[in-house]
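Trainee: Provided below are the primary sequence and the corresponding predicted coordinates.
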Amino acid sequence: MKKIAIVFVFTLLGLATYGQQGMKFGVQGGIPLENFNDQIGVVLGVDFGHMWALGEVVDAGIMVGYIHGFPEKFGTEDALIDLPSIQFLPISAAVRVWTSNSFSFGGEIGQAIGLNNGNDGGLYYRPQIGYLMGPNTEVNLSYTTVQLENTSWNTVTVGFLYTLVLKRPY
């Protein structure tokens, strides 16, 4: 049993070593849905991570990001209600499946740390579909959810992702 585990570990290391590696840099913008629709007007975010090609079809990796929900302002100039911003720091594992040379689907799952007062964060998941516009650039559509204590944070975003290739397979 111990020999099988050692072979398995070296096989995974070999896949990661010979797969195409790349740093991912992304930006996203969108709108909140459901519970935060009246409080937040626009959502902007950034993503940073590293993906490894596990073959020609599947990529896996880790991502970290920052999500900022900009508040709506209600009322008149005399009685303006200033709502708080909402911020998260998501840390997640990511997977992508390439159905063709240009299209992918996948997602991220992890923990979103709440950064503003009274925000404890929660379980984070982000399914997405993407279109590869060039060898290193992608446009994607995603639906983000953070399961909070009594409610959930839900957004729809459009993003742009750039891949900096660190090592090419030979």
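Mentor: Alright, I've got the coordinates.

Trainee: residues contacting the residue nearest to Ser102 when sequence neighbours are not counted?
Mentor: Closest residue to Ser102 apart from its sequence neighbours, by C-beta to C-beta, 6 or more residues apart in numbering: Leu132 at 4.8 Å. No exception for glycine: its C-beta is placed from N, CA and C like everyone else's. Contacts for Leu132 (C-beta atoms under 8 Å, 6 or more residues apart in numbering) come out as Asn101, Ser102, Phe103, Ser104, Glu138.

Trainee: surely the third one touches Ile129?
Mentor: To tie it back to what came earlier, the one meant is Phe103. Yes: if you go by C-beta atoms under 8 Å, Phe103 and Ile129 touch, sitting 7.2 Å apart.

Trainee: okay, those two: which has more neighbours?
Mentor: Looking at Phe103 and Ile129 with other C-beta atoms under 10 Å, you find the greater number of neighbours at Ile129, namely 16 against 12.

Trainee: and the more buried one, which of the three is it?
Mentor: Following DSSP: H, G, I helix; E, B strand; the rest coil, the label given to Ile129 is strand.

Trainee: thinking again about what came up before, any chance of CSV for the contacts of Leu132, columns secondary structure and pLDDT?
Mentor: Shown next, in CSV, are the contacts of Leu132 (DSSP: H, G, I helix; E, B strand; the rest coil; pLDDT from 0 to 100):
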residue, secondary structure, pLDDT
Asn101, coil, 86
Ser102, coil, 90
Phe103, strand, 94
Ser104, strand, 93
Glu138, strand, 93
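
Trainee: spatially nearest residue to Gly110 (excluding sequence neighbours)?
Mentor: Ser92 is the one closest to Gly110 (C-beta to C-beta, 6+ apart), at 2.9 Å.

Trainee: cool, Arg96 as well?
Mentor: For Arg96, the spatially nearest residue (C-beta to C-beta, 6+ apart) is Gly106, at 3.8 Å.

Trainee: tell me what the helix or strand hosting that neighbour is packed against?
Mentor: Counting by DSSP states H and E, the element that carries Gly106 is strand 103-114. Applying 3 or more C-beta pairs under 8 Å, 6 or more residues apart in numbering; DSSP states H and E, we find strand 103-114 packed against strand 58-71, strand 86-98, strand 122-132, strand 137-147.

Trainee: so which of those strands is nearest Ile31?
Mentor: strand 58-71 (9.8 Å; C-beta to C-beta).

Trainee: what residues of the closest one count as buried?
Mentor: Using 16 or more other C-beta atoms under 10 Å as the test for burial, strand 58-71 gives Val58, Asp59, Ala60, Gly61, Ile62, Met63, Gly65, Ile67, His68, Gly69, Pro71.
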